[in-house]
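Participant: Requesting a structural model of the entry that follows:
(one chain, ligands or ions: 1)
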Amino acid sequence: MADEGEQQLTGELTISAEIWLVCERCGGRIRPTGSPGRCLCGGLYHVEFPRPAVLSTALFEQRLGSWQPLDRSGVWRYRELLPPLPIDRIITRPEGNTNLYHHPRLAEWTGCPDLLLKHEGENPTGSFKDRGMTVAISHARALDARAVACASTGNTAASVAAYAALAGLPSIVFLPSGKIATGKLSQAIAYGARIVQIAGEFDAAMQLVQEASSALGLYLLNSVNPFRLEGQKAIVFELLHQLGWEPPDWIILPGGNLGNTAAFGAAVMQLRAWGLLDRLPRLGVIQAAGAAPFYAAFRSGFRDFRPVMAETVATAIRIGNPVSYERARRAIEFTDGVVEAVTDDEILEAKAQVDRCGIGCEPASAAAVAGVRKLVARGIIRPGERVVAVLTGHVLKDPDAILQYHLSEEQRPLANRPVTIEPTLVALRGALEHAL
Ligand code: AN7
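Facilitator: Modelled structure (predicted):
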């Protein structure tokens, strides 16, 4: 089915004739001249564009010393691997350039001596979402979209709000009421998004924003939009670049709506097909046990998929019906990947470990580290293998989760309770008895 019911936007002439959207279900092809929603057959699109005739990793290396905004972005530095959007419409902060960390205590705690953490919380709004947002909002601008929208568990909302503000576009974000971490809600408010709280789950907000997008002509910035995934591929490009294009044995990431899993799969498939990668890293996707429909499907050999009612302390991944299930499944199959689940207690312990190393991350990100520990214990990650775990969000995103752990009545191994004292040296000595 090659047609799409979406309203056409006016700036379509600026989009290169080389870019196509291809439905992953029916194979139908359309030009990307509207807000990319679903195909009429219900399938999702991916973006297709040709490999440039001249392509080598030396090109990306040369740009590292440049001060040009596009070269400085850890997304647009890899622009030959991305859809050729009009350069004058690109909105960039710039994104990426996130560090790879190794810490001996985390290596020991996970049982993985060669563990590297790629900290996507170092992006402009504190999460990996900015990488997809720069590409999708640039597409929206190329179409002269009049307003943008998303449903979100928080980080997408913060990123949409910031990038829409940069572009001078109104933004509307749909949030599950009361289920958004304070840092993320505050960002979306501060950057000026119109915030609509839904009395219901993320999955209901997701459904509503898709309907609202076509009914009201809003450009949709959820990961249904394949331009988002194009940008998120750059996490893989940049980490491979940092490792001298020598792939690690594993890339481990948390999974919620599974857009990032899909993007990582697409990145390695593209690099392989375009001759830039001769060995594939295996993907390991970690879900919170209370929000683990992908894990359940994996356990059934992907024969059976059932949405669940999601509940977890890691609100970023509190998602019961992941939009990118099919694409994520292909990513796991293509890379001989695995899916694992970790409990809320395991997530909070892993987070305390990452935080106490001075690196810090939000709960959903810590799921990846808890997952590494579990996969090592189960013998799936083998001794000597190099593992990159992706920390998807910044420690300040979710202050309440920090207090929940450290002020809990339960005995938490790394609990760090503030004390209150009278302003005297005697009282201070008493309070510091065990601290020094
Ligand atoms: C920190 O912001 O879905 O599996 O609406 O914020 O690609 O969904 C956030 C997801 C992992 C899961 N870590 O990524 C949203 C949203 C953090 C996140 C995920 C999210 P996907």
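Participant: Quick check: the closest residue to Ile319 other than its chain neighbours vs Gly320, distance?
Facilitator: Ranked by C-beta to C-beta, 6 or more residues apart in numbering and with sequence neighbours excluded, the top spatial neighbour of Ile319 is Gly256, at 4.4 Å. Glycine gets a C-beta too; all of them are placed from N, C-alpha and C. Distance, Gly256 to Gly320, by C-beta to C-beta, to the nearest Å: 10 Å.
Participant: shared neighbours of these two, anything?
Facilitator: When contacts are counted by C-beta atoms under 8 Å, 6 or more residues apart in numbering, the set common to Gly256 and Gly320 consists of Ala291.
Participant: Those two: which is more packed in?
Facilitator: Legend: neighbour count by other C-beta atoms under 10 Å for Gly256 and Gly320, higher for Gly256 (31 against 18).
Participant: Report pLDDT for Thr14.
Facilitator: Thr14 is assigned 84 on the pLDDT scale.
Participant: Kindly confirm whether my reading is correct that it touches Pro86.
Facilitator: Yes. Using C-beta atoms under 8 Å, Thr14 is in contact with Pro86, at 4.8 Å.
Participant: list the residues that contact both of these two?
Facilitator: Joint contacts of Thr14 and Pro86 (C-beta under 8 Å, 6+ apart) are Ala142.
Participant: picking up where we left off before, please report the distance of the residue nearest to Ile319 from Asp203.
Facilitator: From Gly256 to Asp203 the distance is 11 Å (C-beta to C-beta).
Participant: do the same with Ile251
Facilitator: With C-beta to C-beta as the criterion, Ile251 and Asp203 are 27 Å apart.
Participant: just to revisit the earlier point, who's in contact with the residue nearest to Ile319?
Facilitator: Here Gly256 is in contact with Thr153, Gln287, Ala291, Ala316, Ile317, Arg318, Ile319, Pro322, Ala364 (C-beta under 8 Å, 6+ apart).
Participant: give me the number of residues near the last one?
Facilitator: Here the neighbour count serves as a burial measure; for Ala364 (other C-beta under 10 Å) it reads 35.
Participant: Next: the fifth one.
Facilitator: As a burial measure, Ile317 scores 27 neighbours (other C-beta under 10 Å).
Participant: Just give the nearest non-adjacent residue to it, would you?
Facilitator: Nearest to Ile317 is Gly256, by C-beta to C-beta, 6+ apart, at 3.4 Å.
Participant: likewise Val390?
Facilitator: Leu253 (4.4 Å).
Participant: Next, that neighbour: secondary structure please.
Facilitator: Following DSSP: H, G, I helix; E, B strand; the rest coil, Leu253 is assigned to strand.
Participant: Specify the beta-bridge partners of it.
Facilitator: Per DSSP bridges, the residues bridged to Leu253 are Val285.
Participant: Can you tell me how far Thr392 is from Glu333?
Facilitator: 23 Å.
Participant: more neighbours, these two?
Facilitator: Using other C-beta under 10 Å, the more surrounded residue of Thr392 and Glu333 is Thr392, with 30 against 12.
Participant: wait, doesn't the more buried one sit right on Gly255?
Facilitator: No. Contact criterion C-beta under 8 Å: Thr392 and Gly255 do not qualify, at 10.2 Å.
Participant: Tell me which residues of the worst-scoring helix or strand of the chain on mean pLDDT come out buried.
Facilitator: Of all helical and strand segments in the chain, the minimum by mean pLDDT, DSSP states H and E falls on helix 202-216, at a mean of 92. Within helix 202-216, the residues scored as buried using 16 or more other C-beta atoms under 10 Å are Phe202, Asp203, Ala205, Met206, Gln207, Leu208, Val209, Gln210, Ala212, Ser213, Ser214.
Participant: what number of residues lie near Arg429?
Facilitator: Arg429: 11 neighbours (other C-beta under 10 Å).
Participant: Now do the helix or strand harbouring it: everything it contacts.
Facilitator: Assigned by DSSP states H and E, Arg429 falls within helix 425-431. Residues from elsewhere that reach helix 425-431 (C-beta under 8 Å, 6+ apart): Val419, Ile421.
Participant: hmm, back to that, local confidence estimate at the residue nearest to Val390?
Facilitator: On the pLDDT scale, Leu253 gets 99.
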